[in-house]
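> Sequence and predicted structure, then a few things I'm wondering about:
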Amino acid sequence: MPVDKLPRDLKKAPAIASNLLAWFARAARDLPWRRTRDPYAIWVSEIMLQQTQVKTVIPYWERWMQALPTIEAAAAAPADQIHKLWEGLGYYTRVRNLQKAAQAIVVQHGGRFPEAFDEVLALPGIGRYTAGAICSIAFNQPTPILDGNVIRVLTRLFAIAENPKDKTTNTHLWTLATQLVQQAVASSPRAPSLAPRAQILPPKAQSPEPRASFLNQSLMELGALICTPRQPQCLLCPVQSECAAFRQQRTEELPNLGERATSTARAFMAFVMTSRGEIFIRQRPAGVVNAHLWEFPNVEITGPTPDPSLVFRGLFDVKPPALKPLSIVKHSITRYRITLTAYQATLSRRPSNLPGKWVKLDRLQELAFTAAHKRLATAAVKSILSGR
Ligand code: SF4
């Protein structure tokens, strides 16, 4: 759409798009998934990057791509392998959906990643943001993206004071994101090259310049590096002259995310049982948080902390052995602050019919544990090997 026909707050979209593209050409980080336009590799990176920082994701992405380099490999991998490759990233529904989507691509598309936005969006675990990111980065389609980083940038650039979760405001933000990526594609073909440093993309990506890809990545990059949640670096910002929040000195108050949910404390008690050189673990069932991952038997404690011997008897229905304090692990999941208190017990007789299995200590590292129970496993192995 010509600039003079744009609604008032969209009139600066062409200048923003042009400045972002020029900045991205200078400042883009050299990330491993930026060296490829393989939609599978880009998809894996986008799923891993949800809720997780770039520096954490890099080694996970590299391990995953080495172990499962194709869609077919991801579709056929055993559940234990995909969970182990994801161990520590959290939000394990992501990896199960990723595999379901890989299987759907094999069945419905012959193993070839679909290019049509609607077909990408129809895959398990892929929402509007991820479909937009894959279609723009891998196929250079002008599909918009809107995640936390982009919301922050846009609410500041356009001084949008309403809560971005409100339906009308969210729709407006998608419109702005759409306009920006479309402006990038429509910008003058005689502009100087906007390709980032040469090593970022393979040669075939340089012509024609993938401006939809660069624009969306520049929004993500600006939100990650410059327009940060606290103390944005406005003096280094390539779109400062177009930024309404900077002009109005309101950068710290935007975006308006409303009241934060208060966190809730929860306490659990866990038991690490050893017997005849083996350790007892159980697998979390389908349909619960961290499904399929391994853990030590545990129970939530409500009210005053009970005697661990009574808890042990209640869990296993056997006379408790001597229980030694092993470790206290504190961690947070979503809005819960969790304290996990673990005890160690050496059993002379194994309780029968326990749901779980006994494994050798050296098998523990092959299995995927929840983050808190991985710390318990490490503490347990150390304690057992030191003969405590
Ligand atoms: S000027 Fe500041 S607030 Fe505005 S987009 Fe740039 S970094 Fe963000």
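Looks like it came in fine.
> Show me which residues of the chain sit near the ligand.
Residues of the chain lying near the ligand by Cβ under 6 Å from any ligand atom: 153, 156-157, 226-227, 232, 234, 237, 239-240, 243, 245-246, 251. All C-beta atoms are positioned from the backbone trio N, CA, C, and that covers glycine.
> make it 8 Å
Contacts of the chain with the ligand, taken as Cβ under 8 Å from any ligand atom, map to 152-153, 156-157, 222, 226-228, 232-234, 236-240, 243, 245-246, 251, 254.
> now, which of the residues you listed lie within helices?
Using DSSP state H, the subset of the residues of the chain next to the ligand located in helices is 152-153, 156-157, 222, 245-246.
> most surrounded residue in those?
Ranked by the number of neighbours (other Cβ atoms under 10 Å), those place V153 first, at 30 neighbours.
> helices or strands up against the biggest helix by length in the chain?
Counting by DSSP H, the longest helix found in the chain is helix 167-186. Applying 3 or more Cβ pairs under 8 Å, 6 or more residues apart in numbering; DSSP states H and E, we find helix 167-186 packed against helix 13-27, helix 148-157, helix 211-225.
> looking at those, which has the lowest confidence?
Looking at the helices and strands packed on helix 167-186, the lowest mean pLDDT belongs to helix 13-27 (a mean of 92).
> Kindly export that one (C-alpha atoms) in PDB.
The C-alpha trace of helix 13-27 is given here as PDB (Å, rounded to 0.1, in the frame of the first residue of the first chain):
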ATOM      1  CA  ALA A  13       6.100   1.700   8.800                       C
ATOM      2  CA  PRO A  14       8.200   2.100   5.600                       C
ATOM      3  CA  ALA A  15      10.900   4.100   7.500                       C
ATOM      4  CA  ILE A  16      10.900   1.600  10.400                       C
ATOM      5  CA  ALA A  17      11.200  -1.400   8.000                       C
ATOM      6  CA  SER A  18      14.100   0.300   6.000                       C
ATOM      7  CA  ASN A  19      16.000   1.200   9.200                       C
ATOM      8  CA  LEU A  20      15.600  -2.300  10.700                       C
ATOM      9  CA  LEU A  21      16.800  -4.000   7.500                       C
ATOM     10  CA  ALA A  22      19.900  -1.700   7.400                       C
ATOM     11  CA  TRP A  23      20.600  -2.400  11.100                       C
ATOM     12  CA  PHE A  24      20.200  -6.100  10.700                       C
ATOM     13  CA  ALA A  25      22.700  -6.100   7.900                       C
ATOM     14  CA  ARG A  26      25.200  -4.600  10.300                       C
ATOM     15  CA  ALA A  27      24.300  -6.200  13.600                       C
END
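> what's it packed up against?
Helices and strands touching helix 13-27, by 3+ Cβ pairs under 8 Å, 6+ apart, are helix 167-186, helix 211-225.
> of all those, which lies closest to A77?
Ranking these by proximity to A77 (Cβ to Cβ) places helix 211-225 first, at 28.2 Å.
> got the angle between the closest one and helix 148-157?
If you take axes from the mean of the first three to the mean of the last three Cα atoms, to 10 degrees, helix 211-225 sits at 90 degrees to helix 148-157.
> G223 is in contact with R156, isn't it?
No - between G223 and R156 there is no contact under Cβ atoms under 8 Å: 9.7 Å.
> For the stretch 101-250 of the chain, give me the ranges with low pLDDT.
Across the stretch 101-250 of the chain, the ranges flagged by pLDDT under 70 are 188-208.
> From the ligand, how far out is the residue most central in space within the chain?
Nearest to the mean C-alpha position of the chain, counting by Cα atoms, centre = their mean, stands Q50 at 2.6 Å. The gap separating Q50 from the ligand is 22 Å, by Cβ to the nearest ligand atom, to the nearest Å.
> That residue reaches T93, doesn't it?
No - at 10.6 Å, Q50 and T93 do not qualify as touching, with contact defined as Cβ under 8 Å.
> Spit out the residues that contact the two alike.
Residues touching both Q50 and T93 (Cβ atoms under 8 Å, 6 or more residues apart in numbering): none.
> host element of Y129?
Per DSSP states H and E: Y129 is located in helix 128-139.
> quick one, that helix and helix 148-157 angle?
Counting by the same axes, to 10 degrees, helix 128-139 lies at 100 degrees to helix 148-157.
> Tell me the buried residues in helix 128-139?
Across helix 128-139, burial judged by 16 or more other Cβ atoms under 10 Å covers 129-139.
> ok, now stretch 101-118?
Neighbour-count burial for stretch 101-118, counted by 16+ other Cβ under 10 Å, picks out 101-106, 113-114, 117.
> Pick out whichever of the residues you listed sits closest to the ligand.
F117 (27.4 Å; Cβ to the nearest ligand atom).
> quick one: contacts for the closest residue in space to the closest one that isn't next to it in sequence?
Among residues not flanking F117 along the chain, C135 sits closest, at 5.1 Å (Cβ to Cβ, 6 or more residues apart in numbering). Neighbouring residues of C135 by Cβ under 8 Å, 6+ apart: 115, 117, 120, 141, 143.
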